[in-house]
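Visitor: Here's my sequence, what's the structure:
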Amino acid sequence: VQLVESGGGLVQTGGSLRLTCAASGFSFEEHAIGWVRQAPGKEREGVLCASLSDGGTYYSDSVKGRFTISKNNANNTVYLQMSDLKPEDTAVYYCAADLLGRAQIGVLAFDHYGQGTQVTVSS
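Guide: Residues are numbered from 1 along each chain as shown. All right, here's what the predicted structure looks like:
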């Protein structure tokens, strides 16, 4: 199983950025996939957003209305479109997958992560 993120960078406040995660070794149709982040000096946050195997989506309150997750099941790629970025969005963003299948029993949690990509929002 591999998760490889790309697309991070430096952007000004109010700007946009799109992250891409290329996944391999499992099916999006059977497992939830999404994103988490870790800000400098802080612990990694819980689920930031997720795309479920049934097509549903989840967003944390901190990004709802600003971030959009989407995926392409055919090529196992997931995207995170980030808009109206704020300095507090500065973090390493990790693509993550629920390989244990806990989402199917109502538990949204990830157990496998990529290496991360840095997003920096300047004020």
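Visitor: how deep is D89 tucked in, by neighbour count?
Guide: Look at D89: counted by other Cβ atoms under 10 Å, it has 22 neighbours. No exception for glycine: its C-beta is placed from N, CA and C like everyone else's.
Visitor: show me what contacts the residue nearest to E30 when sequence neighbours are not counted?
Guide: Using Cβ to Cβ, 6 or more residues apart in numbering and skipping residues adjacent in sequence, the residue nearest E30 is S53, 5.7 Å away. By Cβ atoms under 8 Å, 6 or more residues apart in numbering, S53 lies in contact with 28-32, 103-104.
Visitor: how far away is G41 from T90?
Guide: Going from G41 to T90 by Cβ to Cβ, to the nearest Å gives 11 Å.
Visitor: More neighbours: these two, which one.
Guide: T90 (18 against 5).
Visitor: ok, that one - contacts?
Guide: Going by Cβ under 8 Å, 6+ apart, T90 touches 39-40, 119-121.
Visitor: mind listing the strands for the protein?
Guide: For the chain, the strands defined by DSSP state E occupy 2-6, 9-12, 17-24, 33-38, 49-51, 57-59, 67-72, 77-82, 91-97, 112-113, 117-122.
Visitor: TSV please, covering those and showing mean pLDDT and mean neighbour count.
Guide: TSV is the format used below for the strands of the chain (pLDDT from 0 to 100; neighbours: other Cβ atoms under 10 Å):
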stretch	mean pLDDT	mean neighbour count
strand 2-6	98	17
strand 9-12	98	13
strand 17-24	97	18
strand 33-38	97	23
strand 49-51	96	22
strand 57-59	96	16
strand 67-72	97	16
strand 77-82	98	20
strand 91-97	98	23
strand 112-113	97	17
strand 117-122	98	17
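Visitor: Could you find the closest non-adjacent residue to N76?
Guide: Nearest residue to N76 in three dimensions, chain neighbours excluded: A23, at 4.5 Å (Cβ to Cβ, 6+ apart).
Visitor: So which residue is smack in the middle of this protein?
Guide: Nearest residue to the geometric centre of the chain (Cα atoms, centre = their mean): W35, 1.9 Å.
Visitor: gap between it and S123?
Guide: From W35 to S123 the distance is 23 Å (Cβ to Cβ).
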